[in-house]
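Novice: sequence plus the predicted model coming up.
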Amino acid sequence: MSFSLYVEVLIQGVLTGLVYGLMALGLSVIFGVVRVVNFAHGEFAVLAMYAAFILFGLFHLDPIVASLPIAAAFFVVGYMLQRTVVQPFVTRPQHEQFILLVGLSIVIVNALLLTFGPESKHTDLSYSFDSYSLGAVLVDKARVYGAAAALVVTTALFAFFRYTLTGAAIRAAADNLTGAAVVGLDVKRLYAISFGVGLACVGAAGSIMMALTDMTPMLGPSLTLLAFTIVIVGGLGSMAGALFGGMLIGVAEALASVIASPSIKSMVSFSLLVLVLALRPQGLFGKAEA
Amino acid sequence: MSDLLAALPARGKIALALVVAALVSAPLLVDRYVLSILLLALFGAYLGQAWNILMGFCGLLSLGHALYLGLGAYASAALYVKFGIGPWAGAFAAIALGVAAAAAIGWLGFRFRIEGVYFSLLTIAFAEFARIGFDNLPWLGGAAGFFLPVRAEEAGHWHNLRGGPIFFYYLALAMAAGALVLSTTLRASKLGHAFLAIREDAQAARALGVNVTRVRFVALFISAAMTALGGVFIAFWTNNLFPAQIFDMSRSIDIILAPIIGGVGTLFGPIVGAFLLVPLGEALTEALREFGLNAPGAKALVYGFLLMGIITATPSGLWPWLARKLGLMEKQP
């Protein structure tokens, strides 16, 4: 195998990994703030893929452009979901939260299955098969655009948490819930916003993914696991960690697909997960708990 | 057994006797179809008890119990098909393999203090690992599945678990009953009290001199061994094994739904949950067929909504509520 192929795979892995990272970021935000593990995360990604697919079919809207309106819509969905369904579960044991969200994931997958059938879908973009060539190395255009879009959304999110009052309030609530309530923050509203932001991330990421891969309703559970793996490898609650974890997993899976076979690629990421859990449980970028 | 009776008030004893009598005589009273539903419910109750010992008693949330089920199934099936070793001996190998996997998970989890949601994810990771591993293991059929031969001359060879539906029904009934007795005995024992102490507050338990790591290992081993034994049952009952089914995440979810819906940490919760969920699934299939809505996904869609509804409405499970209503409350030992 030639050297340039490895470089190609490496670059593809990094670019895809940035999109994965954005998806995982959503999971990280929800768990970091609301302390609920969104076991329907991958299913929401698939939902976003279908939304992008429909927008593409109706208006010929590029899935990467569509990631913005879809993210906005998913924010509203997440906000409402937290307010109505999830909020009563915030103080309940983890296994009950698990059943609630597993129930939700079953609903999403099967609603999609009923509506659209099990066939895999893809979008034919004008640049789907185009690539940039850097010497002997070829890089898919779609992946470059997708990764750029993922970076833009991530940067916007970073700015939101860093420079807005609401963002600061959310960080406060994540840091010290009692303290946040004592100083008069509306914690329920902040939770709803966080769940909304988390779903906006996965909405944008899912939409971008529609430009990169084929999609079926059955993709959901594996995407959920992928998001978990990334978040834990990168470090829960760390935005840089989620992006880095995404790239690491993206590269590891891409290399495994080329060197061994595509079917074992998730074995590689699970090995990484176990390794990180054993050696550095707080994740590569996470802070050790005091 | 005496612990089980001691845990129940008089009305509970009578109710239990009636249920046992009904289940024992069921093959005489109901048709094949109803019997198969009862079998599934009993088997679900058995697996639910196994998971409940780990989560309900000891507070460790495993989301990858399909791992032990699949390992037990493949171990016993491989010994039978490849080496002609019968399932009774195979059961020991199945349990050994399940406990070995549990030891690996426990070592990682307890040694490196992987707790809470991280422990749950570790269990998922191991189950997924096994699924993909067996998918790529041609010696045992890989993704195309591993099949146990069904030979006419072996019919009625009960010593090799080659029986008909009624045989497997009674086997499932015995396993479910055995699991209930074991759970009750465990919970009344010193070990059971150590489980509960760790579930409520591991730090305090440690301060009181409970060897937390060792007790957690014991809970994990018991749970894994029981689930692996369930794998032997499933292998010889269904005669076919697919990694994508037996190790799948949805299998793990299936295992834990019954005890959670029925009531985590209770003795009868897993049974109540299984006897609610299995017929519910069947009734849904029937009802949707009546309405002409048997499209793929319709049943699961309704099922998902029902799960969300039940878990929202009854936080601690159905059994505690039901027991209060009927005056069958199990006494807290």
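Specialist: Thanks, I have it. Numbering: from 1, shown residues only, chains lettered A, B, ... in the order given.
Novice: and B:Thr314, how many neighbours?
Specialist: B:Thr314 has 17 neighbours, counted by other CB atoms under 10 Å in any protein chain shown. Placement of C-beta: from N, CA and C, glycine included.
Novice: residue contacts, it?
Specialist: B:Thr314 sits next to B:261, B:321 when contact means CB atoms under 8 Å, 6 or more residues apart in numbering or on different chains.
Novice: show me where the stretch 101-250 of chain B has its strands.
Specialist: Along the stretch 101-250 of chain B, counting by DSSP state E, counting those that start in this stretch, strands occupy B:146-147, B:240-241.
Novice: show residues contacting the last one.
Specialist: What that stands for is strand B:240-241. B:70, B:73-74, B:77, B:141, B:145-148, B:235.
Novice: go again using 7 Å as the cut-off
Specialist: B:73-74, B:77, B:145-147, B:235 (CB atoms under 7 Å, 6 or more residues apart in numbering or on different chains).
Novice: cool, and stretch B:130-137?
Specialist: Applying CB under 7 Å, 6+ apart, the set of residues contacting stretch B:130-137 from outside is A:263-264, A:266-267, B:67, B:70-71, B:74, B:140, B:142-143, B:243-244, B:247-248.
Novice: looking at the contacts of strand B:240-241, which is nearest chain A?
Specialist: Minimum separation from chain A among the contacts of strand B:240-241 (CB to the nearest CB) is found for B:Gly145, which lies at 15.5 Å.
Novice: chain A contacts on the stretch 1-150 of chain B?
Specialist: The stretch 1-150 of chain B comes close to chain A at residues B:55, B:61, B:108, B:112-114, B:117-118, B:121-122, B:124-125, B:128-129, B:132, B:135-136, as judged by CB under 7 Å from any CB of the partner chain.
Novice: please indicate which of these are buried?
Specialist: B:55, B:61, B:108, B:114, B:117-118, B:121-122, B:124-125, B:128-129, B:132, B:135 (16 or more other CB atoms under 10 Å in any protein chain shown).
Novice: from these, which has minimum pLDDT?
Specialist: pLDDT is lowest at B:Ile114 among those; the value there is 77.
Novice: in contact with that one, which residues?
Specialist: A:277, A:281, B:108, B:122.
Novice: what's the answer for A:Met267, then?
Specialist: Contacts of A:Met267 (CB under 7 Å, 6+ apart): B:129, B:132.
Novice: residue ranges with poor pLDDT in the stretch 101-250 of chain B?
Specialist: B:152-153, B:155-159 (pLDDT under 70).
Novice: thinking again about what came up before, of the contacts of B:Ile114, closest to B:Tyr33?
Specialist: Nearest to B:Tyr33 out of the contacts of B:Ile114 is B:Leu122 (CB to CB; 39.9 Å).
Novice: so that closest one makes contact with B:Trp107?
Specialist: No. The criterion here is CB atoms under 7 Å, and B:Leu122 misses it with B:Trp107 at 10.8 Å.
Novice: dump the buried ones among the residues of the stretch 1-150 of chain B next to chain A to CSV, plus distance to B:Pro87.
Specialist: Below are those laid out as CSV (distance: CB to CB, whole Å):
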residue, distance to B:Pro87
B:Met55, 28
B:Leu61, 31
B:Leu108, 31
B:Ile114, 34
B:Val117, 37
B:Tyr118, 36
B:Leu121, 33
B:Leu122, 30
B:Ile124, 29
B:Ala125, 29
B:Glu128, 27
B:Phe129, 26
B:Ile132, 26
B:Asp135, 24
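Novice: can you list the residue ranges for helices in the stretch 51-200 of chain A?
Specialist: A:63-81, A:94-116, A:141-163, A:165-175, A:177-182, A:187-212 (DSSP state H, counting those that start in this stretch).
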